[in-house]
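Engineer: Structure, please.
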Amino acid sequence: MDKDIVIEWCDKEHFETKAKQLIKPASVILDIGCGIRPQRFVVPDVAICVEPYQEYVDYLKRSVDSANILVIPLGALEALKALPDRSVDSIFMIDVIEHMPKSLGARVIDECKRVARGQIIVFTPLGFMPQAVHAGEADGWGLGGGEFQDHKSGWYPEDFSGWNIIGCKNLHVVDHKGVAINPPYGGFYAIINLPKRSDLFNRIYAEEAIKKSMFGTSAGELFDEFSQSFVDREIALANNRCAVKACLIAAEQLSLGVAPGEVDRVFERIKAKKYELFNEEQSDFTRKVLAFGKALQSFCEREAELSSREAELSSREAELSSREAELSSRIAAFNSSKSVKVLKAVGFLR
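Structural biologist: Sure thing, here's the model as predicted:
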């Protein structure tokens with residue numbers, strides 16, 4: 001077994017709970033091949049469902065009464081190719097990938113890594129689990145999507161090197177028609193946390209702009225600590241805003257239905273819109289960087305002013321201490337003088 005593959009095996013009772021512990025909250029999700037049952041792990045602000053079978057699409061539109069759900073009536077690869085890079089927080093493929101030929105499934109996963117910026121969550125049977133359903137046959141929901149329920153590939157944890165794997169060896173005890181399976185088939189979740197990337201906005205430019213706006217003021221450790229966190233946060237927010245806006249525009253257009261051969265044109269329009277959004281965000285980013293630099297400059301000037309006053313007070317304190325010592329010395333000298341002794345002797349001084 002690949003040394004990068006770490007599997008946590010669970011019994012059936014704890015399987016879903018273990019997987020859920022690894023799934024992060026998300027604002028915008030893509031739910032690929034959800035059929036008539038969208039994922040229930042997270043409650044996002046926006047859910048984009050990708051479903052190619054029209055009967056399932058119609059069912060979703062009737063049964064899911066929510067303004068934050070969009071349905072794209074395309075296949076997985078078509079829909080993914082029309083979405084911008086890193087435009088959704090999480091992508092779910094629950095009981096989906098085994099319905100694709102393995103080569104197609106691998107391409108879909110690669111596209112998921114391009115489109116997602118946070119997590120990808122895949123659930124599939126452990127190995128090839130036979131399930132032959134012919135066109136025209138009813139599916140497990142009693143609808144006519146039988147041909148979409150045919151299993152075409154088998155997947156193993158070794159296919160997901162570097163992912164977190166939660167597995168159960170005795171998960172599937174009945175088939176899609178409710179007929180007992182003996183021996184049972186296993187299943188597993190593969191979950192990957194994608195690395196953060198900041199490739200749209202120039203961090204070096206931002207830091208230089210802050211330094212320039214400070215007119216040579218040195219903030220020392222304060223600059224390193226605050227400017228770094230500020231730049232990182234603003235880059236992440238700007239990236240996310242661009243991606244989400246472009247993704248929602250794409251999803252809205254695709255949800256209305258796209259004629260064969262039109263997906264590429266939609267993608268080109270979204271790509272142009274994406275760069276327009278990037279330019280807007282870059283202008284706003286520059287404005288915020290310069291404003292932050294000005295605020296940091298003001299802070300540093302105030303800090304220098306306070307340090308100067310502190311030094312002045314310390315100098316005055318030292319001067320007062322010196323005068324106090326001088327006065328104490330004079331008092332001691334006066335007390336030891338002959339005149340004082342005579343006055344005390346006659347009772348004039350005590």
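
Engineer: from here on, contacts and neighbour counts on C-alpha atoms
Structural biologist: OK.

Engineer: any idea where the strands of this structure begin and end?
Structural biologist: Using DSSP state E, the strands of the chain run over residues 6-9, 28-32, 46-50, 69-72, 88-94, 116-125, 164-174, 180-193.

Engineer: looking at the ones you listed, which one has the lowest mean pLDDT?
Structural biologist: Within those, confidence is poorest for strand 69-72, with a mean of 84 (mean pLDDT).

Engineer: As CSV, could you dump the C-alpha coordinates of that strand?
Structural biologist: Extracted in CSV, the C-alpha atoms of strand 69-72 (Å, rounded to 0.1, in the frame of the first residue of the first chain):
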residue,chain,number,x,y,z
ILE,A,69,-29.8,26.5,-4.7
LEU,A,70,-28.9,26.5,-8.4
VAL,A,71,-29.2,23.4,-10.7
ILE,A,72,-26.9,23.0,-13.7
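
Engineer: which helices and strands sit right next to that strand?
Structural biologist: strand 46-50, helix 54-63, helix 228-255 (3 or more Cα pairs under 8 Å, 6 or more residues apart in numbering; DSSP states H and E).

Engineer: Of the ones you listed, which shows the lowest average pLDDT?
Structural biologist: helix 228-255 (a mean of 68).

Engineer: Kindly tell me how buried the residue nearest to residue 124 when sequence neighbours are not counted is, as a neighbour count.
Structural biologist: The shortest distance from residue 124 to any non-neighbouring residue, by Cα to Cα, 6 or more residues apart in numbering, is to residue 95 (5.2 Å). For residue 95, the neighbour count with other Cα atoms under 10 Å is 18.

Engineer: And residue 95, its phi and psi?
Structural biologist: phi 60, psi 50 (degrees, to the nearest 10).

Engineer: Hmm, residue 129 and it touching each other?
Structural biologist: No - using Cα atoms under 8 Å, residue 95 is not in contact with residue 129, being 11.6 Å away.

Engineer: show me the biggest helix of the chain in terms of residues.
Structural biologist: Secondary structure of the chain read by DSSP state H shows that its longest helix is helix 263-335.

Engineer: helices or strands up against it?
Structural biologist: helix 203-213, helix 228-255.

Engineer: Report the distance from that helix to the chain centre.
Structural biologist: Put simply, helix 263-335 sits 31 Å off its chain's centre (Cα atoms, centre = their mean, to the nearest Å).

Engineer: Report the backbone C-alpha coordinates of stretch 170-179 in CSV.
Structural biologist: C-alpha atoms of stretch 170-179 as CSV (Å, rounded to 0.1, in the frame of the first residue of the first chain):
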residue,chain,number,x,y,z
ASN,A,170,-19.2,-4.0,5.6
LEU,A,171,-21.2,-1.0,4.5
HIS,A,172,-23.4,-2.2,1.6
VAL,A,173,-25.6,-5.0,2.8
VAL,A,174,-28.4,-4.5,0.2
ASP,A,175,-28.3,-3.4,-3.5
HIS,A,176,-30.2,-0.5,-5.1
LYS,A,177,-33.4,-2.6,-5.2
GLY,A,178,-33.2,-3.6,-1.5
VAL,A,179,-32.0,-7.2,-2.3
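
Engineer: which of the residues in that stretch are buried?
Structural biologist: Buried residues in stretch 170-179, counted by 16 or more other Cα atoms under 10 Å: 171, 172.
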